[in-house]
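Visitor: missing the sequence, but the structure's below:
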(Lines give C-alpha, C1' and ligand atoms only; values in the text may rest on other atoms or scores of the structure.)
Protein backbone atom coordinates (compact mmCIF):
# COMPACT_ATOMS: atom_id res chain seq x y z
CA UNK A 1 0.00 0.00 0.00
CA UNK A 2 1.39 3.33 -1.12
CA UNK A 3 0.75 6.76 0.45
CA UNK A 4 -0.76 8.11 -2.79
CA UNK A 5 -3.30 5.29 -3.08
CA UNK A 6 -7.00 5.81 -2.39
CA UNK A 7 -9.38 3.17 -0.97
CA UNK A 8 -13.13 2.76 -0.53
CA UNK A 9 -15.40 0.04 0.92
CA UNK A 10 -16.40 -2.82 -1.37
CA UNK A 11 -20.07 -3.86 -1.55
CA UNK A 12 -19.24 -6.32 1.24
CA UNK A 13 -17.70 -3.50 3.24
CA UNK A 14 -20.75 -1.31 2.64
CA UNK A 15 -22.97 -4.11 3.92
CA UNK A 16 -20.97 -4.12 7.15
CA UNK A 17 -21.72 -0.41 7.57
CA UNK A 18 -25.35 -0.54 6.47
CA UNK A 19 -26.61 -4.01 7.32
CA UNK A 20 -27.58 -3.28 10.96
CA UNK A 21 -25.20 -5.99 12.18
CA UNK A 22 -21.42 -6.29 12.08
CA UNK A 23 -18.67 -8.40 13.61
CA UNK A 24 -15.99 -5.82 12.95
CA UNK A 25 -13.85 -4.52 15.80
CA UNK A 26 -13.88 -0.88 16.82
CA UNK A 27 -10.49 -0.41 15.14
CA UNK A 28 -11.78 -1.91 11.89
CA UNK A 29 -14.92 0.26 11.95
CA UNK A 30 -12.73 3.30 12.61
CA UNK A 31 -10.70 2.67 9.46
CA UNK A 32 -13.60 1.55 7.25
CA UNK A 33 -15.66 4.64 8.06
CA UNK A 34 -12.77 6.93 7.12
CA UNK A 35 -12.33 5.52 3.60
CA UNK A 36 -14.32 7.72 1.23
CA UNK A 37 -12.72 6.93 -2.12
CA UNK A 38 -11.37 10.49 -2.37
CA UNK A 39 -8.60 11.06 0.17
CA UNK A 40 -5.29 9.27 -0.18
CA UNK A 41 -3.73 7.19 2.57
CA UNK A 42 -1.22 9.99 3.06
CA UNK A 43 -4.01 12.48 3.69
CA UNK A 44 -5.92 10.14 5.98
CA UNK A 45 -2.90 9.47 8.18
CA UNK A 46 -1.45 13.00 8.15
CA UNK A 47 -0.75 14.12 11.68
CA UNK A 48 -0.96 10.62 13.15
CA UNK A 49 1.90 9.53 15.43
CA UNK A 50 4.04 6.74 13.90
CA UNK A 51 2.48 4.04 16.11
CA UNK A 52 -1.07 5.08 15.20
CA UNK A 53 -0.15 5.25 11.52
CA UNK A 54 1.30 1.73 11.69
CA UNK A 55 -1.84 0.44 13.42
CA UNK A 56 -4.01 2.14 10.77
CA UNK A 57 -2.05 0.42 7.99
CA UNK A 58 -2.26 -2.96 9.72
CA UNK A 59 -6.04 -2.71 10.02
CA UNK A 60 -6.24 -1.54 6.42
CA UNK A 61 -4.51 -4.76 5.33
CA UNK A 62 -6.94 -6.80 7.46
CA UNK A 63 -9.87 -5.17 5.70
CA UNK A 64 -8.28 -5.77 2.31
CA UNK A 65 -7.69 -9.45 3.14
CA UNK A 66 -11.37 -9.76 4.06
CA UNK A 67 -12.41 -8.12 0.77
CA UNK A 68 -14.02 -5.23 2.63
CA UNK A 69 -12.08 -2.49 0.85
CA UNK A 70 -10.82 -1.89 -2.67
CA UNK A 71 -8.29 0.39 -4.28
CA UNK A 72 -9.89 3.24 -6.21
CA UNK A 73 -8.48 4.74 -9.36
CA UNK A 74 -9.14 8.46 -8.81
CA UNK A 75 -11.07 10.40 -11.42
CA UNK A 76 -9.74 13.74 -12.77
CA UNK A 77 -11.84 15.73 -10.28
CA UNK A 78 -10.43 13.81 -7.33
CA UNK A 79 -6.89 14.18 -8.60
CA UNK A 80 -7.35 17.94 -8.90
CA UNK A 81 -9.04 18.09 -5.47
CA UNK A 82 -6.15 16.31 -3.80
CA UNK A 83 -3.62 18.49 -5.61
CA UNK A 84 -5.42 21.66 -4.51
CA UNK A 85 -5.60 20.47 -0.90
CA UNK A 86 -1.90 19.59 -0.94
CA UNK A 87 -1.00 23.00 -2.34
CA UNK A 88 -3.15 24.79 0.22
CA UNK A 89 -1.68 22.70 3.02
CA UNK A 90 1.85 23.66 2.00
CA UNK A 91 0.81 27.32 1.84
CA UNK A 92 -0.88 27.68 5.25
CA UNK A 93 0.22 24.63 7.21
CA UNK A 94 -1.40 21.33 8.13
CA UNK A 95 -2.86 22.71 11.35
CA UNK A 96 -5.06 25.07 9.35
CA UNK A 97 -6.08 22.69 6.59
CA UNK A 98 -6.92 19.17 7.74
CA UNK A 99 -8.26 17.30 4.74
CA UNK A 100 -9.00 14.21 6.79
CA UNK A 101 -11.10 16.17 9.26
CA UNK A 102 -12.93 17.94 6.44
CA UNK A 103 -13.86 14.55 5.01
CA UNK A 104 -15.05 13.26 8.38
CA UNK A 105 -17.24 16.32 8.89
CA UNK A 106 -18.87 16.09 5.48
CA UNK A 107 -22.62 15.63 5.97
CA UNK A 108 -24.86 13.05 4.35
CA UNK A 109 -23.08 9.88 5.52
CA UNK A 110 -25.48 6.94 5.81
CA UNK A 111 -24.72 4.12 8.20
CA UNK A 112 -26.46 1.35 10.16
CA UNK A 113 -23.97 -0.37 12.45
CA UNK A 114 -24.71 -2.67 15.38
CA UNK A 115 -22.37 -5.01 17.22
CA UNK A 116 -23.55 -8.15 18.95
CA UNK A 117 -23.42 -8.85 22.67
CA UNK A 118 -24.19 -11.85 24.83
CA UNK A 119 -27.92 -12.65 24.80
CA UNK A 120 -29.88 -10.35 27.11
CA UNK A 121 -33.12 -11.16 28.85
CA UNK A 122 -35.38 -8.96 30.99
CA UNK A 123 -34.97 -9.43 34.72
CA UNK A 124 -37.82 -11.31 36.37
CA UNK A 125 -39.23 -12.48 33.07
CA UNK A 126 -41.11 -9.23 32.36
CA UNK A 127 -40.80 -6.80 29.49
CA UNK A 128 -37.34 -5.35 28.99
CA UNK A 129 -37.26 -1.62 29.80
CA UNK A 130 -35.93 0.56 26.97
CA UNK A 131 -35.19 4.28 27.26
CA UNK A 132 -35.89 6.14 24.00
CA UNK A 133 -34.11 9.52 24.04
CA UNK A 134 -35.67 11.55 21.21
CA UNK A 135 -36.92 15.16 21.28
CA UNK A 136 -39.07 14.93 18.13
CA UNK A 137 -42.52 14.03 19.54
CA UNK A 138 -43.81 12.35 16.38
CA UNK A 139 -40.71 10.23 15.91
CA UNK A 140 -40.59 9.41 19.63
CA UNK A 141 -44.20 8.15 19.50
CA UNK A 142 -43.46 6.08 16.40
CA UNK A 143 -40.42 4.41 17.98
CA UNK A 144 -42.29 3.85 21.25
CA UNK A 145 -45.18 2.18 19.41
CA UNK A 146 -42.82 0.02 17.34
CA UNK A 147 -40.91 -1.17 20.41
CA UNK A 148 -44.03 -1.66 22.53
CA UNK A 149 -45.50 -3.91 19.84
CA UNK A 150 -42.16 -5.76 19.82
CA UNK A 151 -42.45 -6.59 23.50
CA UNK A 152 -40.53 -3.80 25.25
CA UNK A 153 -41.45 -1.55 28.15
CA UNK A 154 -40.71 1.87 26.66
CA UNK A 155 -39.68 4.96 28.61
CA UNK A 156 -39.40 8.23 26.69
CA UNK A 157 -37.13 11.21 27.31
CA UNK A 158 -36.51 14.38 25.31
CA UNK A 159 -34.52 16.56 27.71
CA UNK A 160 -31.58 16.14 30.07
CA UNK A 161 -33.85 16.05 33.13
CA UNK A 162 -36.11 13.44 31.55
CA UNK A 163 -33.13 11.27 30.61
CA UNK A 164 -31.87 11.34 34.20
CA UNK A 165 -35.32 10.53 35.55
CA UNK A 166 -35.92 7.62 33.19
CA UNK A 167 -32.56 5.91 33.65
CA UNK A 168 -32.91 6.24 37.45
CA UNK A 169 -36.25 4.44 37.42
CA UNK A 170 -35.92 0.82 38.50
CA UNK A 171 -35.31 -1.59 36.98
CA UNK A 172 -32.14 -0.57 35.13
CA UNK A 173 -32.91 -0.21 31.40
CA UNK A 174 -31.88 -3.07 29.19
CA UNK A 175 -31.28 -0.80 26.20
CA UNK A 176 -31.00 2.90 25.31
CA UNK A 177 -31.79 4.47 21.95
CA UNK A 178 -29.98 7.79 22.08
CA UNK A 179 -30.33 10.87 19.88
CA UNK A 180 -27.27 13.11 19.59
CA UNK A 181 -28.88 16.54 19.28
CA UNK A 182 -31.21 17.42 22.16
CA UNK A 183 -32.52 20.84 23.23
CA UNK A 184 -30.38 21.02 26.38
CA UNK A 185 -27.98 18.10 26.12
CA UNK A 186 -25.46 16.40 23.86
CA UNK A 187 -25.98 12.71 23.19
CA UNK A 188 -22.25 12.00 23.18
CA UNK A 189 -21.99 13.54 26.64
CA UNK A 190 -24.87 11.36 27.85
CA UNK A 191 -23.15 8.30 26.34
CA UNK A 192 -19.93 9.14 28.16
CA UNK A 193 -21.74 9.55 31.48
CA UNK A 194 -23.57 6.25 31.00
CA UNK A 195 -20.32 4.42 30.30
CA UNK A 196 -18.74 5.95 33.42
CA UNK A 197 -21.66 5.09 35.72
CA UNK A 198 -21.03 1.92 37.78
CA UNK A 199 -24.61 0.65 37.40
CA UNK A 200 -25.25 1.77 33.81
CA UNK A 201 -21.89 1.15 32.14
CA UNK A 202 -22.97 -2.17 30.64
CA UNK A 203 -26.33 -0.99 29.27
CA UNK A 204 -26.37 -1.41 25.46
CA UNK A 205 -26.66 1.95 23.66
CA UNK A 206 -27.65 2.53 20.03
CA UNK A 207 -27.18 6.06 18.69
CA UNK A 208 -30.23 6.88 16.57
CA UNK A 209 -29.68 10.29 15.05
CA UNK A 210 -29.62 12.65 12.13
CA UNK A 211 -26.00 13.54 12.98
CA UNK A 212 -24.82 11.94 9.75
CA UNK A 213 -21.08 12.52 9.39
CA UNK A 214 -18.18 10.11 9.58
CA UNK A 215 -16.82 12.12 12.51
CA UNK A 216 -20.04 11.62 14.49
CA UNK A 217 -20.14 7.88 13.76
CA UNK A 218 -16.55 7.43 14.93
CA UNK A 219 -17.19 9.54 18.03
CA UNK A 220 -20.16 7.38 18.95
CA UNK A 221 -18.58 4.00 18.27
CA UNK A 222 -15.26 4.79 19.92
CA UNK A 223 -17.16 6.39 22.83
CA UNK A 224 -18.79 3.08 23.70
CA UNK A 225 -21.96 2.92 21.60
CA UNK A 226 -23.02 -0.57 20.50
CA UNK A 227 -24.66 0.74 17.36
CA UNK A 228 -25.12 3.84 15.22
CA UNK A 229 -28.10 4.37 12.92
CA UNK A 230 -28.55 7.56 10.92
CA UNK A 231 -31.99 9.03 10.18
CA UNK A 232 -34.13 8.46 8.27
CA UNK A 233 -34.24 4.72 8.91
CA UNK A 234 -36.50 1.77 8.12
CA UNK A 235 -38.30 0.20 11.11
CA UNK A 236 -36.95 -3.25 10.30
CA UNK A 237 -33.39 -1.87 10.21
CA UNK A 238 -33.85 -0.56 13.74
CA UNK A 239 -35.33 -3.84 14.97
CA UNK A 240 -32.52 -5.79 13.31
CA UNK A 241 -29.94 -3.60 15.04
CA UNK A 242 -31.69 -4.11 18.39
CA UNK A 243 -31.74 -7.87 17.90
CA UNK A 244 -28.04 -7.80 17.08
CA UNK A 245 -27.11 -5.72 20.13
CA UNK A 246 -29.24 -7.83 22.48
CA UNK A 247 -28.08 -11.15 21.02
CA UNK A 248 -31.59 -12.13 19.95
CA UNK A 249 -31.84 -14.49 16.94
CA UNK A 250 -33.66 -13.43 13.80
CA UNK A 251 -37.31 -14.57 13.73
CA UNK A 252 -38.41 -17.10 11.12
CA UNK A 253 -39.44 -15.59 7.77
CA UNK A 254 -42.89 -14.03 8.01
CA UNK A 255 -42.99 -14.23 11.81
CA UNK A 256 -43.34 -11.14 13.99
CA UNK A 257 -40.61 -10.58 16.56
CA UNK A 258 -41.54 -10.34 20.22
CA UNK A 259 -38.94 -9.77 22.94
CA UNK A 260 -39.39 -12.62 25.44
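Guide: It's in. Since this is a predicted model, take the numbers as computed values, not measurements. Numbers count the residues shown, from 1 in each chain.

Visitor: need the contact list for the spatially closest residue to residue 42 that is not a sequence neighbour.
Guide: Take residue 42 and drop its neighbours on the chain: the residue closest to it by Cβ to Cβ, 6 or more residues apart in numbering is residue 3, 3.8 Å away. No exception for glycine: its C-beta is placed from N, CA and C like everyone else's. By Cβ atoms under 8 Å, 6 or more residues apart in numbering, residue 3 lies in contact with 40-42.

Visitor: likewise for residue 156?
Guide: 131-132, 134, 140, 144, 162, 166 are the contacts of residue 156 under Cβ under 8 Å, 6+ apart.

Visitor: in the chain, which spans are helices?
Guide: 11-18, 26-34, 41-45, 50-65, 76-92, 99-105, 137-149, 160-168, 187-196, 214-222, 235-246 (DSSP state H).

Visitor: which elements pack onto the third one?
Guide: Applying 3 or more Cβ pairs under 8 Å, 6 or more residues apart in numbering; DSSP states H and E, one finds that helix 41-45 makes contact with helix 50-65, helix 99-105.

Visitor: could you give the angle of the longest one to helix 11-18?
Guide: This means helix 50-65. Orientation of helix 50-65 against helix 11-18 (axes from the mean of the first three to the mean of the last three Cα atoms, to 10 degrees) gives an angle of 120 degrees.

Visitor: between helix 50-65 and helix 26-34, how many degrees?
Guide: 80 degrees.

Visitor: identify each buried residue in helix 50-65, please.
Guide: 56, 59-60, 62-64 (16 or more other Cβ atoms under 10 Å).

Visitor: in the stretch 51-200 of the chain, where is pLDDT below threshold?
Guide: Applying pLDDT under 70 to the stretch 51-200 of the chain flags residues 74-102, 120-125.
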